[in-house]
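K.L.:
No letters, just coordinates:
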């Protein structure tokens with residue numbers, strides 16, 4: 001059975017979300033240890049707005065296992081048990097429904113945004129690299145990608161949608177009015193960093209510097225947009241002459257502290273400085289904003305910018321939800337059919353056994369016989385019965401939904417050894 005354990009921007013503040021961010025190394029260390037408890041596969045989606053563990057469980061009590069996994073996670077992160085209130089769990093069809101809504105951008109802070117698709121694909125790729133996937137989760141995520149594409153193709157939910165990166169640049173433009181005269185420093189050269197860069201250029205920013213832990217990535221991004229690349233260890237110097245700082249790295253420690261900025265701001269003669277922190281955990285200490293003429297905004301502060309476009313597209317939500325439900329039903333049908341596979345295999349094996357027994361008896365009774373014809377006839381009859389029975393079992397069990405009938409069919413075709 002599939003399950004989901006997670007928290008997001010609706011259930012937890014950024015400080016809590018930051019405690020449970022997963023990188024690939026975290027996935028490698030945390031997930032395999034749960035396999036002895038019945039975990040057969042997992043995919044971990046971790047973004048600035050959510051951490052969700054989608055899992056496949058083979059045991060008999062998935063709710064108890066989910067509680068155990070949450071307690072293990074909290075202990076692993078050395079967090080207080082009170083954070084449990086920020087987590088949610090889903091099982092069965094509610095898992096696919098939630099994931100398909102996420103893939104379509106229906107559960108995003110920025111309604112209809114597309115960046116989540118890339119994040120889902122990266123989560124899927126990590127599970128493949130770490131060899132922790134399962135056939136059910138592979139099917140689930142592929143169906144999620146289909147559902148997301150169908151919603152974007154058949155509705156206008158994403159028309160005019162904004163990403164978090166766009167909202168960050170829009171906020172900077174609102175505060176400074178003219179980005180052309182304000183040098184910008186971009187910390188981080190990943191997907192979010194590049195999207196931010198694209199939006200900065202569209203808004204007229206012509207002076208920007210990119211720094212990254214890996215200089216080559218910073219240089220590659222800067223070159224594409226005619227910017228400048230510098231090393232991360234030059235950060236302090238760069239803060240002296242940049243008015244806008246947008247951070248989007250995977251660092252688990254703050255790169256810009258209040259202590260550091262208290263030294264830098266006098267050297268800038270307290271010229272206003274804007275920090276937009278898209279990272280979770282935070283790259284910029286919130287207390288930096290306590291210094292005169294420094295302004296710090298995090299992901300959760302971008303809600304107002306995002307909400308401006310919501311009214312234009314909320315009429316598409318019902319249409320999108322209908323599409324999602326059709327994909328939920330498709331995936332449920334696949335799961336139910338899959339559960340019947342073992343039953344169908346048993347029927348096939350039993351009929352083949354009967355075929356072999358009957359054929360041997362038939363051959364013994366013939367003085368002169370055409371063994372090849374008899375074998376072909378027996379196989380033909382057997383396959384005909386198998387197809388007939390499988391069709392009838394699907395019908396009687398409502399495609400695997402009526403568990404009591406599946407048990408009845410299994411008992412019906414038990415043949416004494």
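P.N.:
Okay, I see it. No experiment lies behind these values; they were computed from the predicted model shown.
K.L.:
which ones are touching the nearest residue to residue 396 once chain neighbours are set aside?
P.N.:
The shortest distance from residue 396 to any non-neighbouring residue, by Cβ to Cβ, 6 or more residues apart in numbering, is to residue 405 (5.5 Å). Just so you know, the C-beta spots here come from the backbone N, C-alpha and C atoms, and that holds for glycine as well. Residues near residue 405 by Cβ atoms under 8 Å, 6 or more residues apart in numbering: 396-398.
K.L.:
Can you pick out the ones from these that are in helices?
P.N.:
The helices, defined by DSSP state H, take in residue 396 from those.
K.L.:
Output the contacts of residue 405 as TSV; include the columns pLDDT.
P.N.:
Listed next are the contacts of residue 405 as TSV, based on pLDDT from 0 to 100:
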residue	pLDDT
396	79
397	78
398	80
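K.L.:
Which among the contacts of residue 405 count as buried?
P.N.:
Buried by 16 or more other Cβ atoms under 10 Å: residue 397, out of the contacts of residue 405.
K.L.:
Can you tell me the closest non-neighbouring residue to residue 179?
P.N.:
In this structure, residue 179 finds its nearest non-sequential neighbour in residue 205, 4.3 Å apart by Cβ to Cβ, 6+ apart.
K.L.:
State the helix or strand in which the residue nearest to residue 396 lies.
P.N.:
If you go by DSSP states H and E, residue 405 is part of helix 403-412.
K.L.:
do residue 209 as well
P.N.:
Assigned by DSSP H and E, residue 209 belongs to strand 208-212.
K.L.:
what sits up against that strand?
P.N.:
Applying Cβ under 8 Å, 6+ apart, the contact partners of strand 208-212 are 183-189, 193, 197, 200, 218-219, 221-222, 225, 227-232, 234-235, 238, 242, 249.
K.L.:
Could you rerun that using 7 Å?
P.N.:
Applying Cβ atoms under 7 Å, 6 or more residues apart in numbering, the contact partners of strand 208-212 are 183-189, 200, 218, 221-222, 227-232, 234-235, 238, 242.
K.L.:
which of those residues are buried?
P.N.:
Buried members of the contacts of strand 208-212, scored by 16+ other Cβ under 10 Å, are 183-189, 200, 218, 221-222, 227-230, 232, 235, 238, 242.
K.L.:
rewinding a little: list the buried residues for the helix holding residue 405?
P.N.:
Buried, per 16+ other Cβ under 10 Å, within helix 403-412: 405-406, 409.
K.L.:
Show me what the mean pLDDT comes to for that helix.
P.N.:
For helix 403-412, mean pLDDT rounds to 76.
K.L.:
Tell me where the model's unsure across the stretch 301-417 of the chain.
P.N.:
Residue ranges of the stretch 301-417 of the chain with pLDDT under 70: 308-309, 358-359, 361-374, 377, 413-417.
K.L.:
let's see 50
P.N.:
The model of the stretch 301-417 of the chain has pLDDT under 50 over residues 416-417.
K.L.:
what sits against residue 165?
P.N.:
192, 195-196, 199.
K.L.:
Output the longest helix belonging to this structure.
P.N.:
Assigned via DSSP H, the chain shows its longest helix as helix 317-365.
K.L.:
Give me the angle between that helix and helix 403-412.
P.N.:
10 degrees (axes from the mean of the first three to the mean of the last three Cα atoms, to 10 degrees).
K.L.:
Just list what helix 317-365 packs against, helices and strands only.
P.N.:
If you count contacts as 3 or more Cβ pairs under 7 Å, 6 or more residues apart in numbering; DSSP states H and E, helix 317-365 packs onto helix 93-103, helix 135-154, helix 371-396, helix 403-412.
K.L.:
follow-up on the earlier one: which of the contacts of residue 405 lies at the shortest distance from residue 103?
P.N.:
For the contacts of residue 405, the closest approach to residue 103 (Cβ to Cβ) belongs to residue 398, at 27.7 Å.
K.L.:
And stretch 279-286, what's buried?
P.N.:
For stretch 279-286, a neighbour-count test (16+ other Cβ under 10 Å) marks 279-286 as buried.
K.L.:
and these, which two are the farthest apart?
P.N.:
Distance extremes for those: the farthest pair is 280 and 285 at 13.9 Å, using Cβ to Cβ.
K.L.:
so what strands line up beside the strand holding residue 209?
P.N.:
Partner strands and pairing direction for strand 208-212 (DSSP bridges) are strand 184-187 (parallel), strand 228-231 (parallel).
K.L.:
So for the helix or strand harbouring residue 198, mean pLDDT?
P.N.:
If you go by DSSP H and E, residue 198 is part of helix 191-202. Across helix 191-202, the average pLDDT comes to 86.
K.L.:
what does it contact?
P.N.:
The contact list for helix 191-202 (Cβ under 7 Å, 6+ apart) reads 115, 118, 163, 165-166, 168-169, 179, 184, 186, 208, 221, 225, 246, 248, 278.
K.L.:
The same query, at a cut-off of 8 Å, please.
P.N.:
Contacts to helix 191-202, defined as Cβ under 8 Å, 6+ apart, come from residues 48, 115, 118-119, 163-166, 168-170, 179, 184, 186-187, 208, 210, 212, 221, 224-225, 227, 246, 248, 278.
K.L.:
Which among those residues count as buried?
P.N.:
Taking 16+ other Cβ under 10 Å as the criterion, what is buried in these is 48, 115, 119, 163-166, 168-170, 179, 184, 186-187, 208, 210, 212, 221, 225, 227, 246, 248, 278.
K.L.:
Just give the nearest non-adjacent residue to residue 118, would you?
P.N.:
Per Cβ to Cβ, 6+ apart, closest to residue 118 is residue 191, 5.9 Å.
K.L.:
Could you measure from the one you found over to residue 117?
P.N.:
11 Å (Cβ to Cβ, to the nearest Å).
K.L.:
Name the residue in these two with the higher neighbour count.
P.N.:
residue 117 (18 against 14; other Cβ atoms under 10 Å).
K.L.:
The more buried one contacts residue 103, doesn't it?
P.N.:
Yes: the pair residue 117 / residue 103 is scored as a contact, 6.6 Å apart, by Cβ atoms under 8 Å.
K.L.:
Need the residues touching each of these two.
P.N.:
145, 148.
K.L.:
Show me the shaky parts of the stretch 151-300 of the chain.
P.N.:
For the stretch 151-300 of the chain, no stretch has pLDDT under 50.
K.L.:
quick one: the helices in it?
P.N.:
Using DSSP state H, counting those that start in this stretch, the helices found in the stretch 151-300 of the chain span residues 164-176, 191-202, 215-224, 235-239, 258-267.
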